[in-house]
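S.K.: Got a predicted structure plus its sequence, pasted below:
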There are 2 protein chains.
Amino acid sequence: MEEQKKKDEEYMKKAILEAQKAFEEDEIPVGAIIVCRDRIISRAHNLTEMLCDVTAHAEMQAITSGANMLGGKYLKDCTLYVTVEPCVMCAGAIGWAQISRVVYGAADEKRGYSKFAPNALHPKTTVTSGVLEEECRLLMQDFFGRKR
Amino acid sequence: MEEQKKKDEEYMKKAILEAQKAFEEDEIPVGAIIVCRDRIISRAHNLTEMLCDVTAHAEMQAITSGANMLGGKYLKDCTLYVTVEPCVMCAGAIGWAQISRVVYGAADEKRGYSKFAPNALHPKTTVTSGVLEEECRLLMQDFFGRKR
């Protein structure tokens, strides 16, 4: 249990690195990685501004690129680490991809899936929240603080 | 009112043409088009198999390409025509894009957003369902009938 927690924090740090890249590019700072059997198969950060595309969330890109890497569209033995709670769109994609585990940092009370689509994920998917929560949340707060 | 109905059916026929392309490519037959001020700005059909990507739904691609066409990520004065009720993922994307109107053909009782995420769309978005419903539904039934 303690070992899992350590591993989760280690991987979440990689997702935070991605979120920081987004921050530096003036994108809403969300980062994601996908891990398959202890190997990172994709890394992505939000690119909605640069790509001028509302669908270019970190999770969406990580899923597309992870499936590409594995050569199959289902990510059944994979864990998605994402700095902020997925939105409805991303939760729907996570559901379609049948990702087995989702770990997120900060909750998103405004747009998070757990409020709007609590059953969007595959029924077998397990969810862990609050991993390095403060660090993930502060990145978002800093970003939106500067925007005001 | 009658004129709107005629127009909706006309545009839905274009979306059905897209769905038929998907069918011929052995993809789940869903097609979508986006119309902005009486002009079609994007056409797409489901490509999840070919692209090996669960996110490659017709609506997602239509949104990405429509935003590209308009040069802005919001599709506020646009109508999305799609042959089948959008799933949770697509409804989330439609919400982010702030598409003003959604018109769909057949309901999707298993994966449709109205069951799993009824509030996923932008509050101002209006929805019309059942346009050329039978034609849209029969394409799906034919497809899954052949698969059995």
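M.R.: Arrived safely. Residues are numbered from 1 along each chain as shown, chains lettered A, B, ... in the order given.
S.K.: C-alpha only now, for contacts and for neighbours.
M.R.: Noted.
S.K.: State the number of residues packed around A:Arg146.
M.R.: For A:Arg146, the count of nearby residues is 7 (other Cα atoms under 10 Å in any protein chain shown).
S.K.: Can you read off the pLDDT for it?
M.R.: On the pLDDT scale, A:Arg146 is placed at 85.
S.K.: how close does it get to A:Asp26?
M.R.: 10 Å (Cα to Cα, to the nearest Å).
S.K.: repeat for A:Ser42
M.R.: A:Ser42 sits 22 Å away from A:Asp26, taking Cα to Cα as the criterion.
S.K.: Neighbour count for these two, which is higher?
M.R.: For the pair A:Ser42 and A:Asp26, the greater number of neighbours falls to A:Ser42 (22 against 15), based on other Cα under 10 Å.
S.K.: what pairs with the more buried one across the strands?
M.R.: Taking DSSP bridges, one finds A:Ile34 as the beta-bridge partners of A:Ser42.
S.K.: hey, which helix is longest across chain A?
M.R.: When chain A is parsed with DSSP state H, its longest helix is helix A:2-24.
S.K.: and A:Lys127, that's in a helix?
M.R.: That one is not Lys; residue A:127 is Val. No: the assignment for A:Val127 by DSSP: H, G, I helix; E, B strand; the rest coil gives strand, which leaves it out of any helix.
S.K.: Could I get the full set of strands for chain A?
M.R.: Using DSSP state E, the strands of chain A run over residues A:31-36, A:39-45, A:78-84, A:101-106, A:126-129.
S.K.: who touches the third one?
M.R.: For strand A:78-84, contacts defined as Cα atoms under 8 Å, 6 or more residues apart in numbering or on different chains pick out A:11-12, A:15-16, A:19, A:30-37, A:58-59, A:99-108, A:133, A:136-137.
S.K.: Residue numbers of chain A in contact with chain B?
M.R.: A:52-55, A:60, A:63-64, A:67-68, A:71-74, A:87-93, A:96-97, A:116-120 (Cα under 8 Å from any Cα of the partner chain).
S.K.: Restricted to helices, list these.
M.R.: Among these, the members found in helices (DSSP H) are A:60, A:63-64, A:67-68, A:88-93, A:96-97, A:116.
S.K.: Let me have those residues in a markdown table, extended by pLDDT.
M.R.: Formatted as a markdown table, these follow (pLDDT from 0 to 100):
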| residue | pLDDT |
| --- | --- |
| A:Met60 | 98 |
| A:Ile63 | 98 |
| A:Thr64 | 98 |
| A:Ala67 | 97 |
| A:Asn68 | 96 |
| A:Val88 | 97 |
| A:Met89 | 98 |
| A:Cys90 | 98 |
| A:Ala91 | 98 |
| A:Gly92 | 97 |
| A:Ala93 | 98 |
| A:Trp96 | 97 |
| A:Ala97 | 97 |
| A:Phe116 | 92 |
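S.K.: Which pair of those residues spans the longest distance?
M.R.: For these, the farthest-apart pair by Cα to Cα is A:Asn68 and A:Phe116; their separation is 29.1 Å.
S.K.: Among those two, which residue is more densely surrounded?
M.R.: A:Phe116 (20 against 16).
S.K.: any idea how far the residue nearest to the more buried one when sequence neighbours are not counted is from A:Glu135?
M.R.: Leaving aside its sequence neighbours, A:Phe116 sits nearest to B:Ala117 (Cα to Cα, 6 or more residues apart in numbering or on different chains; 5.7 Å). Remark: distance between B:Ala117 and A:Glu135 (Cα to Cα) = 29 Å.
S.K.: So for these two, which sits in the more crowded spot?
M.R.: When neighbours are counted by other Cα under 10 Å, B:Ala117 and A:Glu135 differ, and B:Ala117 comes out ahead with 23 against 15.
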